[in-house]
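Participant: This is a predicted model, with the sequence first.
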Amino acid sequence: MTLEEVFKRNLHHRSQRAGWLRAAVLGANDGLVSTASLMIGVVAAGKNGFLITAGIAGITAGAMSMAVGEYVSVRSQNDVEDTDRKLEMEHLAADPEGELLELQDIYISRGLTPELALEVAQSMHRKDPLAAHLRDELGQHPHTKARPVQAAVASAISFTIGGVIPFAGAFAPTIGAKAWSIVIFTFVGLILTGIVSARTAGAKALNTTLRVIIGGGLGMLITAGIGQIARASGI
Ligand SMILES: [Zn+2]
């Protein structure tokens, strides 16, 4: 493995891990905002008897929807990679010489002299041509391949963790305390996810946090408004 490859692999690995953390934070954010908005809407509509049921239903539905969405998106990404892999196998079987030159070109474009590039490509082709093409031509690395079930479970869990935070507010003693607890718990949760997501993105924590707080606050305001309209019209 060349130094450049070592560097590229590490970089890839780190960004992949940050990607996972980012996905978890986004899932938690979704859980926070959608559960809080739903519950605030129910409170505003004067349907407090349904608050806990609505919270459980909202968290379950959101977690399932996140899981299905994540599963489908990771599966289709893997399908694309599998198709590329099969195509590459066909190319290697049909035109090994052309593929060797293709690999040589890739190494030349990365800074090797044509002679050295050919030598490296030949030596790669002797060992495992498919692995070399998948890695250096298509950028596929077996250890960073996303697993659809794992991604689905992770996003369902992160949504649930986010959703449980405003849900806890439903257990406050009075209607007013329920509403305030939901709002305050949600803002605390949004501040936490804002800080974590700013850290992973290397962005300013204040800006990111303000953005999620404004977004979450808007969500709750809108459903509160809709709930009040429902209440006023006697639905
Ligand atoms: Zn190739």
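Facilitator: Perfect, I can see it now. Nothing here was measured: the structure is a model prediction, and the numbers come from that model.

Participant: who's in contact with stretch 89-106?
Facilitator: Stretch 89-106 is contacted from outside by 114, 117-118, 120-122, 124-125, 129-130, 132-133, 136-137, using C-beta atoms under 8 Å, 6 or more residues apart in numbering. For every residue, glycine as well, the C-beta is placed using N, CA and C.

Participant: Now with 10 Å, please.
Facilitator: Contacts to stretch 89-106, defined as C-beta atoms under 10 Å, 6 or more residues apart in numbering, come from residues 88, 112, 114-122, 124-125, 129-130, 132-134, 136-137.

Participant: Could you double-check that G27 sits in contact with S197?
Facilitator: No - at 11.2 Å, G27 does not count as touching S197 under the criterion of C-beta atoms under 10 Å.

Participant: neighbour-wise, which of these two wins?
Facilitator: Between G27 and S197, G27 has the larger neighbour count (other C-beta atoms under 10 Å), namely 26 against 22.

Participant: Just say helix, strand or coil for that one.
Facilitator: Following DSSP: H, G, I helix; E, B strand; the rest coil, we place G27 in the helix state.

Participant: And the buried ones among the contacts of stretch 89-106, selectable in PyMOL?
Facilitator: Buried members of the contacts of stretch 89-106, defined by 16 or more other C-beta atoms under 10 Å, are picked up in PyMOL with:
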select buried, resi 88+112+117+118+120+121+124+125+129+132+133+134+136+137
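
Participant: The ion next: which of the contacts of stretch 89-106 are close?
Facilitator: Among the contacts of stretch 89-106, the ones lying near the ion by C-beta under 5 Å from the ion are 133, 137.

Participant: Okay, strands next: where are they in the protein?
Facilitator: All residues of the chain lie outside strands when identified by DSSP state E.

Participant: Where do the helices of it begin and end?
Facilitator: With helices called from DSSP state H, the chain shows them at 3-44, 51-94, 96-109, 114-127, 129-136, 148-167, 175-201, 205-232.

Participant: I'd like those helices laid out as TSV, including mean pLDDT.
Facilitator: Listed next are those as TSV, based on pLDDT from 0 to 100:
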stretch	mean pLDDT
helix 3-44	75
helix 51-94	93
helix 96-109	94
helix 114-127	94
helix 129-136	92
helix 148-167	93
helix 175-201	90
helix 205-232	88
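
Participant: Taking this protein, what residue is nearest to the ion?
Facilitator: Closest approach between the chain and the ion, counting by C-beta to the ion: H133, at 3.9 Å.

Participant: Just list the residues touching that residue, thanks.
Facilitator: H133 sits in contact with 84-85, 88-89, 91-92, 99-100, 102-103, 106, 121, 124-125, 140, where contact means C-beta under 10 Å, 6+ apart.
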